[in-house]
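Chemist: here is my input; please provide its structure:
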Amino acid sequence: MLTIPYPMIDPIALSIGPFAIRWYALAYIVGLISGWRYCLWVARRPPAVASQTALDDFLVWATLGVVLGGRTGYVLFYKPDFYFANPSEILQLWHGGMSFHGGALGVIAAMWLFCRQRSLSFLAFSDIITAAVPIGIFFGRLANFVNSELWGRPTNVPWAMVFPNGGPEPRHPSQLYEASLEGVLLFLIMFALLRWTNIREKPGMLAGVFLIGYGLARIFSEFFREPDSFLGFLWFGATMGQLLSIPILLFGIWFAWVAKRET
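Modeler: So this is what the prediction gives:
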């Protein structure tokens, strides 16, 4: 059976004595900084919504929302019994365990509080922030690939890979599928809308496009991704990722509906 060799990459990018910097941490740092710089570019295009200073300040809020929301979401959505029985493990982020859906809720909460404090339009500000989210998703999925985690289901496609901790069976490199769909493709769609349409004149519409696009891409990608071993398949054969993406999709439809109704 034809397969593509899995590139063995050390999850630790750099180590100095007892201190180690992992690719996963670098992915978060690069994603946040790149996203922040892209938000500044988006914000400079009309209509004016938030100043550079406001976006600079929001970077800290976004970081807290991603980390706290991502970890809380993983604890509640995926392993509540384990973490409630071992609460000290909740703070041990280096052991892994972050949820995109939890991180999304954390950032939404951070945006709502930030906009309320600064008297900014929540919908218009959401358009700026969500334009950059696919950048972070892209780097995050690449980190999943480097860590040999969240691999796909067994398959015989020519580009299948045997992951070091995924057993002897060739599997879909589902992390790369998600990086391509949720990251690259969704970013290009939103960039095209920003560049060649007046979508930002409809506050909330771009955020709606992101949420709809992410929900659809994640639901599709999950058909190739191995479900978490401690959860397996859930209602109607769906995975946890698919079930959590349904509210994201519906929320995106609501965003788009509100944007269309108010313009």
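
Chemist: show me where the stretch 51-200 of the chain has its helices.
Modeler: Secondary structure of the stretch 51-200 of the chain (DSSP state H, counting those that start in this stretch): helices located at 52-77, 80-85, 100-118, 122-146, 174-178, 186-196.

Chemist: would JSON lines of those with mean neighbour count, mean pLDDT and distance to V30 be doable?
Modeler: C-beta: built from backbone N, CA, C; applies to glycine. JSON lines is the format used below for the helices of the stretch 51-200 of the chain (neighbours: other CB atoms under 10 Å; pLDDT from 0 to 100; distance: least, CB to CB, whole Å):
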{"stretch": "helix 52-77", "mean neighbour count": "18", "mean pLDDT": "89", "distance to V30": "13"}
{"stretch": "helix 80-85", "mean neighbour count": "12", "mean pLDDT": "79", "distance to V30": "28"}
{"stretch": "helix 100-118", "mean neighbour count": "19", "mean pLDDT": "91", "distance to V30": "16"}
{"stretch": "helix 122-146", "mean neighbour count": "24", "mean pLDDT": "94", "distance to V30": "5"}
{"stretch": "helix 174-178", "mean neighbour count": "22", "mean pLDDT": "96", "distance to V30": "16"}
{"stretch": "helix 186-196", "mean neighbour count": "15", "mean pLDDT": "96", "distance to V30": "14"}
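
Chemist: make a markdown table out of those and add distance to N165.
Modeler: Formatted as a markdown table, the helices of the stretch 51-200 of the chain follow (distance: least, CB to CB, whole Å):
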| stretch | distance to N165 |
| --- | --- |
| helix 52-77 | 19 |
| helix 80-85 | 19 |
| helix 100-118 | 21 |
| helix 122-146 | 12 |
| helix 174-178 | 13 |
| helix 186-196 | 28 |
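
Chemist: these: which one's closest to F220?
Modeler: The closest of the helices of the stretch 51-200 of the chain to F220 is helix 174-178. By CB to CB, the value is 8.5 Å.

Chemist: still on that earlier bit, I12 is nearest to which of the helices of the stretch 51-200 of the chain?
Modeler: Once these are compared by CB to CB, helix 122-146 is nearest, at 10.1 Å.

Chemist: in this structure Y28 contacts L142, no?
Modeler: No: counting by CB atoms under 8 Å, Y28 sits too far from L142 to count as a contact (11.5 Å).

Chemist: what's the closest of the helices of the stretch 51-200 of the chain to P203?
Modeler: Nearest to P203, of the helices of the stretch 51-200 of the chain and by CB to CB, is helix 122-146 at 3.9 Å.

Chemist: between that closest one and helix 186-196, how big is the angle?
Modeler: Relative orientation of helix 122-146 and helix 186-196, computed by axes from the mean of the first three to the mean of the last three CA atoms, to 10 degrees: 150 degrees.

Chemist: so what's L216 closest to, chain neighbours aside?
Modeler: Sequence neighbours aside, L249 is the residue nearest to L216 in space, at 6.6 Å (criterion: CB to CB, 6 or more residues apart in numbering).

Chemist: which SSE is that neighbour in?
Modeler: For L249, the enclosing helix or strand under DSSP states H and E is helix 240-261.

Chemist: list the buried residues in that helix.
Modeler: Neighbour-count burial for helix 240-261 flags 240-245, 248-249, 251-252, 255-256, 258-259 (criterion: 16 or more other CB atoms under 10 Å).

Chemist: just the residues you listed now: which is nearest R225?
Modeler: G241 (7.0 Å).

Chemist: correct me, but the closest one touches F220?
Modeler: No: the pair G241 / F220 is not scored as a contact, 10.7 Å apart, by CB under 8 Å.

Chemist: take the buried residues of helix 240-261 and lay them out in CSV including distance to A85.
Modeler: Rendered in CSV, the data for those read as follows (distance: CB to CB, whole Å):
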residue, distance to A85
M240, 20
G241, 24
Q242, 27
L243, 24
L244, 23
S245, 28
I248, 29
L249, 33
F251, 32
G252, 35
F255, 38
A256, 42
V258, 41
A259, 44
